[in-house]
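K.L.:
just coords:
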Ligand code: NDP
């Protein structure tokens, strides 16, 4: 029985709080705080209507360490779950250190003025969390998160040695809009327009954004174009599994999405440097976010499925082996359960599961941790019982590319 403070009332925060309320034996008391308290109140109403559980809400600017620390001191949670934006990670970690509370997030820190995310900033908190006897669990979403745990599960149960790892992220959903992103548009567009990077023989290999394309036939979705991208779990997997010779991340995009993105880029709307507009500075990408649909609003119209998984090649009992573990999530079913589409659902459920494992002590440690550092089994079990059942199968051989 533990108190939790969730910060961030977007699609992911909404799903996580609904799922926590459905597990009130673990989450005895939930407070949801965000920049705009009205968004928290709307989620609280939905949680009450769907589960009967009453949660508290609060306003906080999580960029402000003192304000966040004051809120934590008032709520006295055992864990702070950060589902705001990557920009707030360090400020919320600082507030947790100030108040002596454990920390969890789903996306690694990214400075506002540079489209660059890496773990170095958060890994630098290792000694401070350790000295305080606290735990910070980084990246407990789907990717990173489930895809990281999939890798440790494959290593524990299916392969003695992993040689290559490919993470395949397919969203076969259709939201009926000309152009929209499935999670925060600013973060999503910064990620997609960054150069691609993969890990090979101890080195990072960079290529232009969206320049490497392959077709893959995803179960229950069909054949889709997928593009090589950099994604944050590559960095921690390369660190924690030095045996892996090549790690790549692929994401599917439809032609219409890419065409819109190309035009937006060409006209300068994805820039993150300030430009003068009617006497004041604006950031074009932030303005673009303001005119795009909120990801949380897409749930009602989105149909189709997501299919995200890991394919690993390696050796088992001296013989080569290729194994695929994947999860398929239906947008409409996710919406029926929590009022949010599958991209928010597949992130919010693992955030709840990671939080449950920290609160129950099933995952325990002092310092800063990535998901693949813990026993995958309790996490994999909870995926099956909390809405994200997965499958595993042996493939005939490695991917042909
Ligand atoms: P949204 O933009 O929908 O929600 C973010 C929420 O955080 C909003 O409610 C926003 O408030 C709030 N917020 C922003 N800044 C502050 C601040 N300074 N103080 C307090 N609250 C703030 O994003 P999503 O729900 O889609 O994503 C949430 C997080 O999950 C992001 O970090 C995203 O990168 C991550 N993510 C991770 C994935 C994974 O698989 N690991 C996949 C998808 C997302 P307001 O409404 O007022 O703007």
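P.N.:
The structure has been received and is ready for your questions. Remember, it's a predicted structure, so these values are computed and weren't measured experimentally. Numbering: from 1, shown residues only.

K.L.:
alpha carbons only for contacts and neighbour counts from here, please
P.N.:
OK.

K.L.:
any idea of the pLDDT on whatever residue of the stretch 251-400 of the chain ends up closest to the ligand?
P.N.:
Nearest residue of the stretch 251-400 of the chain to the ligand: residue 347, at 4.8 Å (C-alpha to the nearest ligand atom). pLDDT, residue 347: 97.

K.L.:
quick one, what contacts the residue nearest to it when sequence neighbours are not counted?
P.N.:
In space, and not counting its chain neighbours, residue 347 is closest to residue 141: 4.3 Å by C-alpha to C-alpha, 6 or more residues apart in numbering. Residue 141 sits next to 105, 106, 107, 346, 347, 348, 349, 350, 351 when contact means C-alpha atoms under 8 Å, 6 or more residues apart in numbering.

K.L.:
can you map out the strands along the stretch 1-150 of the chain?
P.N.:
Along the stretch 1-150 of the chain, counting by DSSP state E, counting those that start in this stretch, strands occupy 2-7, 27-34, 56-59, 79-82, 102-105, 135-138.

K.L.:
who wins for proximity to the ligand among those?
P.N.:
Among these, the nearest to the ligand by C-alpha to the nearest ligand atom is strand 27-34 (3.9 Å).

K.L.:
residues touching the closest one, excluding its own?
P.N.:
The contact list for strand 27-34, computed with C-alpha under 8 Å, 6+ apart, reads 1-9, 17, 20-21, 40, 55-62, 75, 84, 356.

K.L.:
same question, stretch 264-275
P.N.:
Stretch 264-275 has contacts (C-alpha under 8 Å, 6+ apart) with 113, 114, 115, 189, 190, 281, 282, 283, 284, 285, 286, 288.

K.L.:
and the pLDDT at the closest residue to residue 39 other than its chain neighbours?
P.N.:
Closest residue to residue 39 in three dimensions, ignoring its sequence neighbours and counting by C-alpha to C-alpha, 6+ apart: residue 9, at 6.0 Å. Residue 9 is assigned a predicted lDDT (pLDDT) of 97.

K.L.:
now do residue 173
P.N.:
At residue 173, the predicted lDDT confidence score is 93.

K.L.:
surely it meets residue 331?
P.N.:
Yes - contact criterion C-alpha atoms under 8 Å: residue 173 and residue 331 qualify, at 6.9 Å.

K.L.:
who's more crowded, those two?
P.N.:
Set side by side, residue 173 and residue 331 show more neighbours around residue 331, with 28 against 22, by other C-alpha atoms under 10 Å.

K.L.:
so how far is residue 221 from the residue nearest to that one when sequence neighbours are not counted?
P.N.:
With C-alpha to C-alpha, 6+ apart as the criterion, residue 331 has its nearest non-adjacent residue at 4.5 Å, and that residue is residue 342. Computed as C-alpha to C-alpha, to the nearest Å, the residue 342 to residue 221 distance reads 14 Å.

K.L.:
got it, and residue 210?
P.N.:
Relative to residue 221, and taking C-alpha to C-alpha, residue 210 is found at 21 Å.

K.L.:
before we move on, the earlier item: number of nearby residues for the residue nearest to residue 39?
P.N.:
Residue 9: 28 neighbours (other C-alpha under 10 Å).

K.L.:
which residues touch it?
P.N.:
32, 33, 34, 39, 40, 43, 83, 84.

K.L.:
which SSE is immediately downstream of the helix or strand of the chain with the lowest mean pLDDT?
P.N.:
Lowest by mean pLDDT, DSSP states H and E among the helices and strands of the chain is helix 185-192, with a mean of 87. Per DSSP states H and E, helix 185-192 leads on to strand 196-200 as the next helix or strand towards the C-terminus.

K.L.:
packing partners of the helix or strand just after that following strand?
P.N.:
Next along the chain after strand 196-200, taking DSSP H and E as the criterion, comes strand 203-207. Applying 3 or more C-alpha pairs under 8 Å, 6 or more residues apart in numbering; DSSP states H and E, one finds that strand 203-207 contacts strand 196-200.

K.L.:
quick revisit: who has more neighbours out of residue 210 and residue 221?
P.N.:
Using other C-alpha under 10 Å as the criterion, residue 210 and residue 221 rank with residue 210 on top: 19 against 16.

K.L.:
model confidence score at the more buried one, please.
P.N.:
94.

K.L.:
do the same with residue 115
P.N.:
For residue 115, pLDDT reads 73.

K.L.:
ok, for it, nearest residue in space, not its chain neighbours?
P.N.:
Leaving aside its sequence neighbours, residue 115 sits nearest to residue 190 (C-alpha to C-alpha, 6+ apart; 5.7 Å).
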